[in-house]
Structures are given as structure tokens and as C-alpha cells.
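Peer 1: Test case, fold it:
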Amino acid sequence: MRRTPLAFVALVLIAVVAVAPAAGSPAQSPKRGGTVVFGPVAESSCLNPFIDCGGGGPQFGWIFERVIPGALGLARDSTRPPALVSGVTFTRTPPFTLTYTIRPEARWSDGVPVTARDFRFTHRAINEYLPSDDVHRTYVDSVRSVDAKTVRVVLRSRYAGWRRLFWFVLPQHALAGEDLARVWTDGIENPKTGRSIGSGPFLVGGWDRGKQLTLVRNPNYWGPHKAYLDRLIIRFCRAVCLAPPPDEVLESMRTGAVDFAYARDTEIVPDLRRIRGTIVRPYRSNGWEHLDFRLASGGHPALQGSKGKLVRQAFAYSIDRAEIVRRLWGEIDPTYRPLHSAVLFNTDRHYAPNWDGYVYRPNLARSLLERAGCRRGADGIYACGAGRLSFRLTTLPTRARERAVELMQLQLRRVGIEVGLSYNRGLFEQASRGDFDVVSFAWIGVDGFGHKHVYGCRGSANYTGYCQRIVTAELDQADRILDDAQRARVLNRADRQLAKDVPVIPLYQIPWVLAYKSTLRNVLPSSDNLFWNAEDWWLAQSR
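Peer 2: Model prediction:
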């Protein structure tokens, strides 16, 4: 997923991004060296951020950011602490200026310092080679060097996603003069020397196509400490795959072919737990499941207008989201709870449970339907002036999703709402046409940015047709606020209005599962990058 201006203040205010230390070191001295094998996962065709390296899934970013980090990194709680920089200051009034202070010690693996030239080179490269990424082109007016270790970026307007501007920083001395659409097809190296290059804790040590990619410790890493592991091997699926095949994950862990795996199918958790010496940990991914209602033409008339809001609220009170979560994942994680926000994850520090009032209350649901002028028929299903409350619920076929919507179907039926289920792999094409009553799918995203495209009037991903001018203005403003806490306050105001209007019902943050050998320590799962602290992993005993 992807602005009213704030009042102009004559005094230029400065905000500082605090320096965040690297992930904590282990409580005891680690066993240095050794190899960890991770997988099986999909294989990418390259490691070049400027071309479509199809097939790699999220691990493309996981690998790339450990070798070629950006100005800011990714932390366990989805915040973006300083990485190559020690801090960033920004002005709250025009001209909106970001000043990056590059760490004095930051350097490339060949010993060349990371400097402002690398930031300027990266900006030019993104503009030239990533025409589909219009962020730099749209929001950045200029990128200039103040000195070797200071970069000043002037924005054309406020841009809340400024932390993404330099999610990677390229080595200017290695790539200058090169065709960037042709590099890094078989690794990440300096084309002029053929040697691996990076500024992160790992380097690409080798790529055995169809089998595995090997990351090795960067011996010249400038950070708090060098990676404890000698090697991190990423093992690929035996055949083309989009996600880790559950059977292959189980086999790989059972046979010891891998030390660490992740799976999107939580039904394999009991089998994983039976593998001796294996730690199994469900964790929240950066995907969240929800229901969308079609409020405009193409959807059921009972969902539209002022009475339609009562019907949608009744729908929300007819679903026992807590029971759905318990039935799906209670055995593997009794602490799992529904998601009570349509704008922020429950792992976000600014999360507010604005939807927690929607608990299973069938009597209240029936009362709302009656206020909307609906009457219960002889078959137990309500009918309104707009017709019988029989809705089409369309979703994408996955085992967890199918079980969830079937539970909803039963719960709604008990209240007096009928739902016919259909499974359609072309759901997004159908939703973009507005040809649905209710759809269930997941958005993938982080940091609460770009919701105006989903909930704003005529938003590019607004499948519901929902248009509430205050919400649109709030979300537009949120995308222009540079400070995280202030932006979250605006997002939560909009979310409270969404909870009143119910164009959407948030269900749950999708859980994935990690499985790893008990000898692997300091694994701290993050929804955004499983490798975010891989330099801190260590082995209780050598492999």
C-alpha cells in the first residue's frame, strides 16, 4: 500500500530521530563461528534492486538489507532505527529538509568510507533506473553533500514515508559508470574488481543456482560487532515455490538439512514440535486479514446508505472474531488475539484497539437490523426494504482463510444473516470492478503509511467505494506528517471513524511460524525481516 498541509509556523522546529543501538548482544559469550542453514524458500533470479528479480519472495529484502543496508534499518517492532547514519533531523516547516549524519565509522567491505557521495549516487540511480518508484521523483527536490559525512535532502512537500527514501545505499566508487540494470545478477560484487562488496554485517559468498545462496561474515564490518556466524546459507525449495512448502519444511527440519525454517502454514506446528531439539515459535507477519464491504454500486443494496451502516455494524457484532482466532490458532498460541485496528498492527507501539467494542453480541446485532427496518423471515434470515440479507462472500483459497469464513458463515446464520461462500483466485480483478458484497483478503504493509489509497474517497485501492471526507482528510494529512507519534494520533482518529462506519472489519494479523534448532540463539522474530538481527545469532555449540 502507499496530504492537507499543517499550519505554517514561522519558527523552524527541529525533530531528531534518536540513535537506537543495535540488537542486544547475548547474555553469555557466544560460540564464535559456525554455519546456520535457513530454508527452504523461493529462489530469486538476481539481487539487483533495479530490475524484477522475480520469484524471490520476502527473503530478497531480508538478504539484501543485511548486505546493502540503508540509512535506517528495521527493528523487531517495525520501527526504523538508524543504520548507516547516527541520526536524521528534519524541519517541520518549509523548506522541508532532512539532514542525515553518516556514522564516521561506516565503510564498505573494501575499506572505502560510506560518504554523502554514495547517497547522492543512490538518489540519481533510483531516478534513472526505477521509473516505477516515483517517491524520489515526486517528493525529493534535491540531495546535496554538506560534507563527506553529512547529506541534506530538500523535500518538495511533507512526506511521511521519508524513512523509506534510502532503504538501501549503493557504493558509488564501485558502480559509477556501470549499467545498473546489468549488475548483481549472480551476487553483490564490485564490477571493477569482481569481489563481493557491502556495508552490512554479511557479504554474498556464493550462489549455487537451484540449491542455495551463501552469506559470509563481512570481515571489515564497522558496526557494534562482526557477525558471530561464519556463514548463513539460504537453501532453496526443490521446485519452484511461492512460499515454503509445508512438507518440505518438515522434511528439512527432521533430517537436519536446515537449522532454521519458517512456514506460512501453521497447521504443521504439532509435527514440528515433535522434532527433538527444535524450538517452534508462531509470530505475527506483516500481513493482516480483513473483510471489505461494497458500499457502492455492484454490492448488495442493504449495505449502502444510512441504513446500510446499521447493517454493517450488525454484521460486525455477528462475528465472533475472538472465537475464530482461538479455533484457528489457540492450540499453537493461546495468547493470539484479533486485530482491533484497520490502520496499525497490534505490534506497533502506537497501536490503539479502536475496534475492540465489536465483540460477539447477537442480540445487539438483531436490534440493529430491526432499527434498519429489517424483519426476520420464516427461514430465520432477515429481509429489509433492499431485499433479503443474503450476501456473497468471496475470498482467496487458503486453508486458514477457508476455515475462518466458514466459521463466520455459521455465526452469521445464527443471527439471521445468510452468506454464500465462493473462492476466486481472480479476487482482486473482481474487487477492482466492484463486483462483490463482501470480500476477505490480506493487505501486506508496514508503518501505517498510504491508507488514503485504501479508505480515502476514490483511492486507487479503495474497493469498497467508501467515501467519508473527514477520514479522507485525516489520512491525507497523516501521509504528510513527519513525526511518528503525531502521525499515529491522526491515523487513530481516522480509525475511530472507520470503526463507526464499518466499511471494513479487521480480523487478525496473519501468523507464520518459525522452527529452529535449540542450539541457535538470539533469534528474535520480526514481522518485516527475519534476518534483521542475524549478525547477533550465535550457536551454543559449533555446527
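Peer 1: which non-adjacent residue is nearest Asn424?
Peer 2: Thr394 (5.3 Å; Cβ to Cβ, 6 or more residues apart in numbering). C-beta coordinates here come from the backbone N, C-alpha and C atoms, glycine included.
Peer 1: Mind giving me the packing neighbours of whatever helix or strand that neighbour lives in?
Peer 2: Assessed by DSSP states H and E, Thr394 sits inside strand 390-395. Where contact means 3 or more Cβ pairs under 8 Å, 6 or more residues apart in numbering; DSSP states H and E, strand 390-395 is packed against helix 399-415, strand 418-423, helix 427-432, strand 438-444.
Peer 1: one more time with 10 Å
Peer 2: Packing partners of strand 390-395 (3 or more Cβ pairs under 10 Å, 6 or more residues apart in numbering; DSSP states H and E): strand 278-293, helix 399-415, strand 418-423, helix 427-432, strand 438-444.
Peer 1: now these as JSON lines including distance to Asp501?
Peer 2: Output for those, formatted as JSON lines (distance: least, Cβ to Cβ, whole Å):
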{"stretch": "strand 278-293", "distance to Asp501": "10"}
{"stretch": "helix 399-415", "distance to Asp501": "20"}
{"stretch": "strand 418-423", "distance to Asp501": "21"}
{"stretch": "helix 427-432", "distance to Asp501": "19"}
{"stretch": "strand 438-444", "distance to Asp501": "15"}
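Peer 1: Redo those as TSV? Include mean pLDDT, mean neighbour count and distance to Ala160.
Peer 2: As requested, the helices and strands packed on strand 390-395 are exported to TSV (pLDDT from 0 to 100; neighbours: other Cβ atoms under 10 Å; distance: least, Cβ to Cβ, whole Å):
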stretch	mean pLDDT	mean neighbour count	distance to Ala160
strand 278-293	93	20	18
helix 399-415	95	17	31
strand 418-423	96	15	36
helix 427-432	92	15	26
strand 438-444	93	19	17
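Peer 1: Of these, which is nearest Gln468?
Peer 2: Closest to Gln468 of the helices and strands packed on strand 390-395, according to Cβ to Cβ: strand 278-293, at 13.5 Å.
Peer 1: Can you check what angle separates the closest one from helix 399-415?
Peer 2: Calculated by axes from the mean of the first three to the mean of the last three Cα atoms, to 10 degrees, strand 278-293 forms an angle of 50 degrees with helix 399-415.
Peer 1: Any idea how far strand 278-293 is from the middle of the chain?
Peer 2: Computed by Cα atoms, centre = their mean, to the nearest Å, the chain-centroid distance of strand 278-293 equals 11 Å.
Peer 1: relative to strand 438-444, how tilted is it?
Peer 2: Going by the same axes, to 10 degrees, strand 278-293 makes 130 degrees with strand 438-444.
Peer 1: could you check the angle strand 390-395 makes with strand 278-293?
Peer 2: Strand 278-293 and strand 390-395 are oriented at 140 degrees to each other (the same axes, to 10 degrees).
Peer 1: is it true that the residue nearest to Asn424 touches Tyr423?
Peer 2: Yes: using Cβ atoms under 10 Å, Thr394 is in contact with Tyr423, at 7.5 Å.
Peer 1: any shared contact partners between the two?
Peer 2: Val405 (Cβ atoms under 10 Å, 6 or more residues apart in numbering).
Peer 1: on that earlier part again, distance of the residue nearest to Asn424 relative to Thr335?
Peer 2: Thr394 sits 31 Å away from Thr335, going by Cβ to Cβ, to the nearest Å.
Peer 1: likewise Val419?
Peer 2: In this view, Val419 and Thr335 are 29 Å apart by Cβ to Cβ.
Peer 1: Could I get the full set of helices for the stretch 251-400 of the chain?
Peer 2: Using DSSP state H, counting those that start in this stretch, the helices of the stretch 251-400 of the chain run over 269-273, 305-318, 321-329, 362-371, 399-415.
Peer 1: Throw these into a markdown table and include distance to Gly456, thanks.
Peer 2: As requested, the helices of the stretch 251-400 of the chain are exported to a markdown table (distance: least, Cβ to Cβ, whole Å):
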| stretch | distance to Gly456 |
| --- | --- |
| helix 269-273 | 39 |
| helix 305-318 | 18 |
| helix 321-329 | 25 |
| helix 362-371 | 26 |
| helix 399-415 | 26 |
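Peer 1: do you know which of the ones you listed lies nearest Gly54?
Peer 2: Nearest to Gly54 among the helices of the stretch 251-400 of the chain is helix 399-415 (24.6 Å), distances taken as Cβ to Cβ.
Peer 1: between that closest one and helix 321-329, how many degrees?
Peer 2: Relative orientation of helix 399-415 versus helix 321-329 (the same axes, to 10 degrees): 140 degrees.
Peer 1: Thr394 and Thr335 - which one has more neighbours?
Peer 2: Neighbour count, other Cβ atoms under 10 Å: between Thr394 and Thr335, Thr394 has more, with 23 against 7.
Peer 1: Let me see the contact set for that one.
Peer 2: The contact partners of Thr394, by Cβ under 10 Å, 6+ apart, come to 292, 405, 420-424, 426-427, 430-431, 435-441.
Peer 1: Kindly indicate whether Val154 is helix, strand or coil.
Peer 2: Applying DSSP: H, G, I helix; E, B strand; the rest coil to Val154 yields a three-state assignment of strand.
Peer 1: Ok, Ala473 next?
Peer 2: helix.
Peer 1: Tell me the residue in the chain that is farthest from the middle.
Peer 2: Ala378 (46.3 Å; Cα atoms, centre = their mean).
Peer 1: So that residue versus Ser390, what's the distance?
Peer 2: 14 Å.
Peer 1: Leu369 contacts Ala314, doesn't it?
Peer 2: Yes: the criterion here is Cβ under 10 Å, and Leu369 meets it with Ala314 at 4.9 Å.
Peer 1: joint contacts of these two?
Peer 2: 382, 389, 415-417.
Peer 1: which pair in those residues spans the largest distance?
Peer 2: Longest distance between any two of the shared contacts of Leu369 and Ala314 is 9.5 Å, between Leu389 and Val415; criterion Cβ to Cβ.
Peer 1: and for these two, which residues touch both?
Peer 2: Common neighbours of Leu389 and Val415, using Cβ under 10 Å, 6+ apart, are 314-315, 369, 376, 381-382.
Peer 1: Next secondary structure after whichever strand or helix holds Asp118?
Peer 2: Assessed by DSSP H and E, Asp118 sits inside helix 116-129. Downstream of helix 116-129, the first helix or strand assigned by DSSP H and E is helix 135-139.
Peer 1: packing partners for that following helix?
Peer 2: Counting contacts by 3+ Cβ pairs under 10 Å, 6+ apart, helix 135-139 is packed against helix 116-129, strand 150-155.
Peer 1: Can you list the helices and strands that the last one packs against?
Peer 2: It stands for strand 150-155. strand 85-91, strand 96-102, helix 116-129, helix 135-139, strand 140-147.
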